[in-house]
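# model this:
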Amino acid sequence: MNQELEWLIFLSQLPATPSSLRVGVWRKLRAAGAVGLQNGVWLLPRREEHERFMERLLLHVTEQGASGQVFVVQAFNPATQQDVLARFQADRNEDYAEFLEQSEVVMAEIRKETGRGKFSFAELEENEQNLQRLTRWLARIRERDFFEAEKRQAALAALEDCRQALQAFAVQVYAQAGLEVPAGADLLMEGPLVDHAPDNDGK
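Residues are numbered from 1 along each chain as shown. Down below sits the predicted model:
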């Protein structure tokens, strides 16, 4: 890994009370994928979008009557660099692990409804909403995964497994409703599925 990689460090002095500013800054930094080195010290790889983010955050902090600083730094040695990279990857692996747990919940629901033979458009729409939620969630994690964490590929594969399982479920729904499915048709991500046809209960 390139030791010359530059980092943006955000330092802040935030009041303990009220806690709203401290919590808000923490949430913004976490959402951006920053790593907390210690209290009030946060790190992001130096990129144009991260510089803009730090500028906005610093302005927000000063407008609230607190103070902060942003610095551009490099790791002192390869060991420090590896430690920082490991922290980023550990955070993203934690995100991916949580995603994998929830993707298994979605798969279990599809398996349950398949086993019960409950092939209705209502069930299909509910499970498609779950798939869309997973898709958006994984996209947000990947945006913060600056160094391709170990669990990235497993998460991508899990999402594809969910999509394929739901596609197979959709084929059964259409078949049970007496609707012909064109060969190779993708029945997902096409808007509200209940608009295509009523389910078996006429809802």
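# and stretch 83-101, which residues are buried?
Val84, Leu85, Phe88, Gln89, Asp91, Arg92, Asn93, Asp95, Tyr96, Phe99 (16 or more other CB atoms under 10 Å). C-beta here means a position set from N, CA and C on the backbone, and glycine is covered the same way.
# what distance separates that stretch from the centre of its chain?
On the basis of CA atoms, centre = their mean, to the nearest Å, stretch 83-101 sits 11 Å off its chain's mean C-alpha point.
# CA atoms only for that stretch - export them in CSV, please.
C-alpha atoms of stretch 83-101 as CSV (Å, rounded to 0.1, in the frame of the first residue of the first chain):
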residue,chain,number,x,y,z
ASP,A,83,-2.8,0.4,11.2
VAL,A,84,-4.9,3.2,9.7
LEU,A,85,-5.9,1.1,6.7
ALA,A,86,-6.8,-1.8,9.0
ARG,A,87,-9.1,0.5,11.0
PHE,A,88,-11.0,1.6,7.9
GLN,A,89,-11.3,-2.0,6.8
ALA,A,90,-12.5,-3.2,10.2
ASP,A,91,-15.3,-0.6,10.3
ARG,A,92,-16.5,-1.5,6.8
ASN,A,93,-16.3,-5.2,7.6
GLU,A,94,-18.5,-4.5,10.5
ASP,A,95,-21.0,-2.8,8.2
TYR,A,96,-20.8,-5.7,5.7
ALA,A,97,-21.3,-8.2,8.5
GLU,A,98,-24.5,-6.5,9.6
PHE,A,99,-25.7,-6.3,6.0
LEU,A,100,-25.0,-10.1,5.6
GLU,A,101,-27.2,-10.8,8.6
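# Give me the contacts around it.
1, 7, 33, 35, 37, 43, 75, 134, 137-138, 141, 144-147, 149-152, 154-155, 158 (CB atoms under 8 Å, 6 or more residues apart in numbering).
# What's the mean pLDDT across the helix or strand harbouring Ala155?
Applying DSSP states H and E as the criterion places Ala155 in helix 152-176. If you average the pLDDT over helix 152-176, you get 94.
# packing partners for the helix or strand of the chain with the lowest mean pLDDT?
Between all helices and strands in the chain, the lowest mean by mean pLDDT, DSSP states H and E belongs to strand 35-38, at a mean of 90. Under the contact criterion of 3 or more CB pairs under 8 Å, 6 or more residues apart in numbering; DSSP states H and E, strand 35-38 touches strand 41-45, helix 78-116.
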